[in-house]
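Undergrad: Take a look and give me a structure for this.
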Amino acid sequence: MKFVIIFGPQAVGKMTVGHELEKVTELKLFHNHMTIELLAPIFGFSHEMWRLVNKFRQDIFEVAAVSDMYGLIFTYVWGFDLQSDWDFVDKICKTIEENDGVVYFVELEADLEKRIERNKTPHRLEHKPTKRDVARSEQDLIQTMEQHRLNSFEGEINRENYIRINNTNLTACEVTEIIKNRFNL
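TA: I've put the predicted structure just below:
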């Protein structure tokens, strides 16, 4: 199985790129908000919601890893200053690789102004109801950026199947072509 993890700060375009990549490959998109949007209306943004989000995600990765599916795309906001996020990504990789899968790392970065603009797009708001309070969402985007490091340092990710793309001035389709061609998906 091929497992593509697309990561970067909020509103960088992870889900949009994931949707485009799903259209041109046999990969299935499992964007991070699929579990959040399921549980937030029930539990709010509580400790219990995040515990269940992580449990559901891990269960999905385990089932996908042993399935006959071609592959899965997962999107994630990775706090590089948080050991728990490193542990989560390591656990995902272990789950996939122990079952003869291949993990591909796609890091996206974009200027803050572009991310604030993307935070308001109809596509994002359609798929992420918890982001529809745009003022609160923008405040969270800025606050998270101030509190955490959401892009890696040069050389910090030491993986053969890794690409970093600044997509400030690229469309999702252009980014998708880069990813598809780089990893032969």
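Undergrad: hey, which strand is longest across the chain?
TA: strand 102-109 (DSSP state E).
Undergrad: What residues sit buried inside that strand?
TA: 103, 104, 105, 106, 107, 108, 109 (16 or more other Cβ atoms under 10 Å). From N, CA and C alone the C-beta is placed, and that goes for glycine too.
Undergrad: and the first one, what does it touch?
TA: Looking back up the chat, that one is residue 103. 3, 4, 5, 92, 93, 96, 97, 159, 161 (Cβ atoms under 8 Å, 6 or more residues apart in numbering).
Undergrad: most centrally placed residue in the protein?
TA: For the chain, the residue nearest the mean C-alpha position is residue 75 (1.6 Å; Cα atoms, centre = their mean).
Undergrad: CA atoms only for the host helix or strand of that one, dumped as CSV, please.
TA: Per DSSP states H and E, residue 75 falls inside strand 71-76. The C-alpha trace of strand 71-76 is given here as CSV (Å, rounded to 0.1, in the frame of the first residue of the first chain):
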residue,chain,number,x,y,z
GLY,A,71,-3.2,3.6,-1.1
LEU,A,72,-4.3,6.3,1.2
ILE,A,73,-3.7,10.1,1.5
PHE,A,74,-3.8,11.5,5.0
THR,A,75,-3.5,15.2,5.9
TYR,A,76,-2.1,16.4,9.1
